[in-house]
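Engineer: build the 3D model from these lines:
(2 chains)
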Amino acid sequence: SQLAEENPWALSVHEGESVTVNCSYKTSITALQWYRQKSGEGPAQLILIRSNEREKRNGRLRATLDTSSQSSSLSITATRCEDTAVYFCATGSSGSWQLIFGSGTQLTVMP
Amino acid sequence: NAGVIQTPRHKVTGKGQEATLWCEPISGHSAVFWYRQTIVQGLEFLTYFRNQAPIDDSGMPKERFSAQMPNQSHSTLKIQSTQPQDSAVYLCASSTGGAETLYFGSGTRLTVL
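Structural biologist: Down below sits the predicted model:
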């Protein structure tokens, strides 16, 4: 079973709209990470949010973390066509070196 | 800083042949990770080196797959007797030590015919 899982599986919005991707995870964490992968590239980290943080921002991106419900969200405001990508949440078990990725959410931003 | 460099970008092999994939981590990074990405399985952890020493290879298939890091400037992933099910994008990532922020290369797309 997946350690972390995003939903929905796919999203489609028009430029300028806001969008939110959700993530649920199954283990005690010290931090949760959000990555974005554009076609033909490797994943790139967007935000790392630690277990003692509830919210983290990076420009148009905002991540939240709720350790009680083991869930996180990534919101993007004023979306652009270049935001089209697969968005992953990733985490690891305490004491493990493995960073485990969810299956990803495919976001398509249309002109 | 050129980022993590992976070569080749694409590799096509025949069933039963050997494939060697190369990774040059970011200079100064002490940790190297290998992942495999497929549509069905997503991103799968394969192995992890720290200061060139193998730390965790629990994701590596027990047969045919091996990884090495002979020096701090490159790591290799070798697949012997490749099979069609080995077809995937193999991603290398480096970090300053742990798994907090991974910097990925663009990957090597391996196709086994």
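
Engineer: look up how far chain B lies from the spatially closest residue to A:S39 that is not a sequence neighbour.
Structural biologist: Leaving aside its sequence neighbours, A:S39 sits nearest to A:A85 (C-beta to C-beta, 6 or more residues apart in numbering or on different chains; 7.7 Å). No exception for glycine: its C-beta is placed from N, CA and C like everyone else's. A:A85 sits 13 Å away from chain B, going by C-beta to the nearest C-beta, to the nearest Å.

Engineer: with A:R36 instead?
Structural biologist: 11 Å.

Engineer: from what I see, that residue and A:T84 are in contact.
Structural biologist: No - if you go by C-beta atoms under 8 Å, A:R36 and A:T84 don't touch, sitting 9.8 Å apart.

Engineer: of those two, who's got more company?
Structural biologist: A:R36 (21 against 17; other C-beta atoms under 10 Å in any protein chain shown).

Engineer: how about the residue in chain B that chain A sits nearest to, what does it touch?
Structural biologist: Closest contact between chain B and chain A, by C-beta to the nearest C-beta, is at B:F104 (2.9 Å). Applying C-beta atoms under 8 Å, 6 or more residues apart in numbering or on different chains to B:F104 gives the contacts A:41-44, B:4, B:35, B:91-93.

Engineer: tally of neighbours for the residue of chain A found nearest chain B?
Structural biologist: Residue nearest to chain B within chain A (C-beta to the nearest C-beta): A:G42, separated by 2.9 Å. Neighbour count for A:G42, taken as other C-beta under 10 Å: 23.

Engineer: quick check: phi and psi on the spatially closest residue to it that is not a sequence neighbour?
Structural biologist: Using C-beta to C-beta, 6+ apart and skipping residues adjacent in sequence, the residue nearest A:G42 is B:F104, 2.9 Å away. Backbone geometry at B:F104, expressed as degrees, to the nearest 10, gives phi -90, psi 150.

Engineer: I appreciate the help and will end here.
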